[in-house]
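Novice: Any chance you could fold what I've pasted below:
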Amino acid sequence: MAGSLDDKNLNLGGRVGEHFPPLGRLGKWMEKPEVLGYILLAPAIIFLLVFLGYPFIQAIWLTMLDKEVGVEGTFVGLNNYIVLWQDSVYRWTVVNALIFTTISVLAKLILGMLGALVMNQAFFLKNFFRGFVLLPWIIPSVLSALIWLWMFDDQYGVIGRTLMSLGLIDDMILWLTDWGMALTSIIIVNVWRGTPFFIVSLLAALQTVPKEQYEAAEIDGAGLFSQFLHVTLPNIKHVLIIVTLFGTIWTISDFNIIYVITHGGPADSTHVFSTLAHQRAFDAGQMSEGIAISFTMFPILFIILFIRFYRMRKEED
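Specialist: Next comes the predicted model:
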């Protein structure tokens, strides 16, 4: 009985083999792992090309036209970029963007590192405070900006009223009436909202540092600051660089906070690239000029990315 079953199985195997001929060239090509990977990636690549690639190319073309809303544009080449550089408001916007981004990112980096170091310690209600610190990050940016706009009000603002009640100032602070105070205001809001991202990211990195390294450093007589320099920073430097990179990109392209609080004012003095582009494209109807302003951010972002990837390659080598 067993022998007959084996014979049937052998015969069945032979028939199956006859119905599935050897793979041809196409079949062998499809079996390659890298080919299968490209096939699986194809839908996502097509999606990106259609919904991101085409609009991007179309936007580049629009920057080379003299295009207003509702009017057919005429080709002007790079004239929009030349006109922009001759525009004093645009040149001031470049300065604003660099000041705003540099101060905001440095402040978020310092506060984020300090916050992460504190949150990495054991203390009462630690988990509660870890969740609480995320509130500025998860609140919608427009809502955050509206709350801060009310707090900055020069008549009824809670900040000014509180400082006056404490006797620290005699008159209400005019937060939004001159360039210096207005820029300070939007930096404060940007730092307040962005610091939680730095804290959480750096806290996750700190928790991966081996405790044995701290113990060895302590045995060698290293103090807290020396441990931070020679143990903590080397272990979290990659996360530190990535967090700073993302923070820089998000800060230089910020729109909601600045638009809601200052609208780029007073007198166009607090514009950054995104708010000036919006004003020119939608308020003034100069669509090509607005898009050209947006594209002038790309060289700055490209330099940041190039430096980052260059350092990564150098470290790998």
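Novice: now the helix or strand where Phe100 lies, how far from the centre of its chain.
Specialist: Element membership of Phe100, judged by DSSP states H and E, is helix 88-119. Distance, stretch centre to chain centre, for helix 88-119: 13 Å (Cα atoms, centre = their mean, to the nearest Å).
Novice: so what secondary structure elements neighbour it?
Specialist: Helices and strands touching helix 88-119, by 3 or more Cβ pairs under 8 Å, 6 or more residues apart in numbering; DSSP states H and E, are helix 126-132, helix 179-206, helix 233-252, helix 273-278. In this view, the C-beta of every residue, glycine as well, is placed from N, C-alpha and C.
Novice: want to throw those into JSON lines with mean neighbour count, mean pLDDT and distance to Tyr54?
Specialist: Compiled in JSON lines, the helices and strands packed on helix 88-119 are given as follows (neighbours: other Cβ atoms under 10 Å; pLDDT from 0 to 100; distance: least, Cβ to Cβ, whole Å):
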{"stretch": "helix 126-132", "mean neighbour count": "11", "mean pLDDT": "84", "distance to Tyr54": "42"}
{"stretch": "helix 179-206", "mean neighbour count": "20", "mean pLDDT": "95", "distance to Tyr54": "31"}
{"stretch": "helix 233-252", "mean neighbour count": "17", "mean pLDDT": "91", "distance to Tyr54": "23"}
{"stretch": "helix 273-278", "mean neighbour count": "23", "mean pLDDT": "94", "distance to Tyr54": "20"}
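Novice: Rebuild the ones you listed as TSV, extending it with distance to Trp61.
Specialist: Conversion of these to TSV gives the following (distance: least, Cβ to Cβ, whole Å):
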stretch	distance to Trp61
helix 126-132	47
helix 179-206	33
helix 233-252	24
helix 273-278	17
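Novice: Tell me which of those lies nearest to Leu98.
Specialist: Among the helices and strands packed on helix 88-119, helix 233-252 comes nearest to Leu98, with 8.4 Å by Cβ to Cβ.
Novice: That closest one - contacts with which helices or strands?
Specialist: helix 88-119, helix 179-206, helix 297-316.
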